[in-house]
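[1] Next come a sequence and a model predicted from it.
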Amino acid sequence: IWVGEQALIDVAARAVSAVDNRGRHYGLVRNGGNISLGGTINLATGIAQASDVFVVVRDGARLEASGAQADLDLPGQGRVPVASNGGSISLASNNGLYLDGRFVARAGGAGASGGSLVVALESPYYLKSAVSDRVLKARELLLSQTHQPSTLAGTAEAAAAELEYGHARLGVDQVSAGGFDNLALLSNGLLSVDGDLSLHMGQSLRLYSGALGLSEQAAQNARVNLSAPHLLLAGILAPLEAKDPYQHPLLTSVLSQRASQAQFTASANLLEVRGNVLFGNKSNLTQADNSQLSVDRRGFDDVQLSSQGDLRFLAGANADAVAQGISTQIMTRGDMTLQAAQLYPATEVGARVLAGYLDGVDGYDPTRTLTIARAGNETGAVPYSAFGRLQLGGPSIRQGGGVRAPLGVIGVGILGTHKVGLLPGGLPSVSVGGS
């Protein structure tokens with residue numbers, strides 16, 4: 001899919017108004033429309049549908065899905081401006097994404113919200129007998145503060161040989177300039193941050209990936225700050241299929257052991273974790289001749305997740321996706337702090353948190369700490385959750401937060417934890433009464 005330099009795809013709202021025989025203004029102000037190039041993400045399931053084509057949007061092209069505004073006479077209010085919300089723009093590919101154009105879905109005016117931007121880089125199944133190394137590259141979506149334009153040739157025919165499988169880049173400046181309030185990014189591989197980054201969304205931010213980490217070019221001490229009222233960190237939720245004649249370039253759940261001084265901070269009013277969330281990754285991808293291609297992306301020295309309300313663990317791809325009875329986990333080699341009014345698994349969800357984790361042989365880095373802290377002075381109402389399971393692991397655990405699993409199981413100290421400190425107010429609870 002090639003969207004050229006002069007192209008305009010316009011589904012922006014158009015306000016329609018008229019005047020009745022009493023001089024009153026009436027009309028219709030619809031929300032912005034929807035644009036989909038190559039596919040999208042089902043936000044309910046967290047699974048992407050993507051096409052086996054490259055998606056190229058050239059510099060100068062514009063995709064427009066903004067809302068609109070009109071002055072209308074409303075009962076009891078008189079003549080007031082009425083604004084509509086921005087629409088949605090979805091860009092998805094199994095091959096690669098070159099996103100150099102403008103993507104716009106602004107609110108129509110005050111009181112309305114900006115639209116949604118969805119970017120998905122998927123990894124398909126390839127027939128082993130016909131596969132080549134070119135297509136078996138790890139998928140990596142690079143997120144940077146400022147967009148770095150591609151250097152493709154000027155026509156689709158001339159650029160065909162330059163297109164790289166697994167390539168995708170997006171700049172925070174592109175998201176901000178487009179007026180979006182909702183952003184969803186998916187990479188069935190690596191979601192890598194290319195240096196210092198600060199991203200705030202007005203409504204929601206959803207990140208789905210095989211692993212979150214630093215790009216090869218990112219500074220050792222990069223600082224990443226993410227915030228949104230609703231923030232979701234998720235692994236890849238599409239279930240794996242057993243297809244013997246096929247090959248699938250897929251990351252393993254092994255953390256990178258490379259040193260990092262980077263910091264990852266995410267804050268929200270509601271923070272959710274779903275599936276297998278890894279910070280950093282080391283994988284070997286099988287190539288066409290059965291050789292191994294090493295992929296190693298650094299994680300973060302310090303991960304801080306903060307919610308003014310709940311921090312909730314949702315169901316992953318299946319009940320045993322991570323381990324026996326564990327469908328969701330969040331795992332890092334460095335320190336980790338979880339701060340919220342309360343932490344809990346959703347109904348019948350098994351989840352675990354691992355900080356300072358090295359591997360299944362060496363266990364934990366003894367210098368690392370998992371800290372659970374409380375946001376505010378009061379614990380929220382007992383969540384509508386039951387029969388969940390939550391495990392907290394690290395070499396040293398400082399538990400001072402509101403950890404709950406009504407009618408469920410809580411394990412503080414797993415896989416060889418050396419030290420557990422229960423701080424004031426840090427007694428976990430499995431009670432349905434809140435005690």
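    Done, it's in. None of the values given here were measured: they were computed from a predicted structure. Numbering: from 1, shown residues only.
[2] after the worst-scoring helix or strand of the chain on mean pLDDT comes which helix or strand?
    Sorted by mean pLDDT, DSSP states H and E, the helices and strands of the chain end with strand 246-247, the least confident at a mean of 84. Moving toward the C-terminus from strand 246-247, the next helix or strand (DSSP states H and E) is strand 263-274.
[3] so what does that next one touch, helix or strand wise?
    strand 223-234, strand 302-307, strand 310-314, strand 328-332 (3 or more CB pairs under 8 Å, 6 or more residues apart in numbering; DSSP states H and E). Just so you know, the C-beta spots here come from the backbone N, C-alpha and C atoms, and that holds for glycine as well.
[4] Mean confidence (pLDDT) on the helix or strand containing residue 169, please.
    Remark: residue 169 resides in strand 167-171, with elements defined by DSSP H and E. Taken as a whole, strand 167-171 has an average pLDDT of 97.
[5] Kindly report the same for stretch 57-76.
    96.
[6] Just the terminal-to-terminal distance for it.
    47 Å (CA to CA, to the nearest Å).
[7] Pull the distance from that stretch to the chain's centre.
    Distance of stretch 57-76 from its chain centroid, counting by CA atoms, centre = their mean, to the nearest Å, is 27 Å.
[8] buried set for it?
    57-58, 61-70, 72-73 (16 or more other CB atoms under 10 Å).
[9] can you check stretch 205-216 too?
    Per 16+ other CB under 10 Å, stretch 205-216 contains these buried residues: 205-215.
[10] which ones are touching residue 260?
    Residues near residue 260 by CB atoms under 8 Å, 6 or more residues apart in numbering: 214, 220, 280, 298-301, 333-334.
[11] do you know how far it is from residue 68?
    46 Å (CB to CB, to the nearest Å).
[12] repeat for residue 348
    For residue 348 relative to residue 68 (CB to CB), the value is 44 Å.
[13] How about residue 356: what's its closest non-neighbour residue?
    residue 368 (2.6 Å; CB to CB, 6 or more residues apart in numbering).
[14] Quick one: residues contacting the one you found.
    Shown in contact with residue 368 (CB under 8 Å, 6+ apart): 333-335, 355-356, 394-396.
[15] hmm, back to that, which two of the buried residues of stretch 57-76 have the greatest separation?
    Within the buried residues of stretch 57-76, 58 and 73 form the most distant pair, 44.1 Å apart (CB to CB).
[16] okay, now residue 109: neighbour count?
    16 (other CB atoms under 10 Å).
[17] what's the nearest residue to it if we skip its chain neighbours?
    residue 83 (3.2 Å).
[18] That neighbour contacts residue 110, doesn't it?
    Yes - at 6.3 Å, residue 83 and residue 110 qualify as touching, with contact defined as CB atoms under 8 Å.
[19] More neighbours: these two, which one.
    Higher neighbour count among residue 83 and residue 110: residue 83, with 20 against 8, using other CB under 10 Å.
[20] could you measure the more buried one against residue 50, distance?
    33 Å.
[21] The contacts of residue 368, buried ones only, as a ChimeraX selection?
    The ChimeraX selection below is limited to those of the contacts of residue 368 classed as buried (16+ other CB under 10 Å):
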select :333,334,335,355,356,394,395,396
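[22] Nearest to residue 430, out of the contacts of residue 368: which one, please.
    residue 394 (20.8 Å).
[23] which residues sit in contact with that closest one?
    Taking CB under 8 Å, 6+ apart, one finds 336, 353-357, 364, 368-370, 417 in contact with residue 394.
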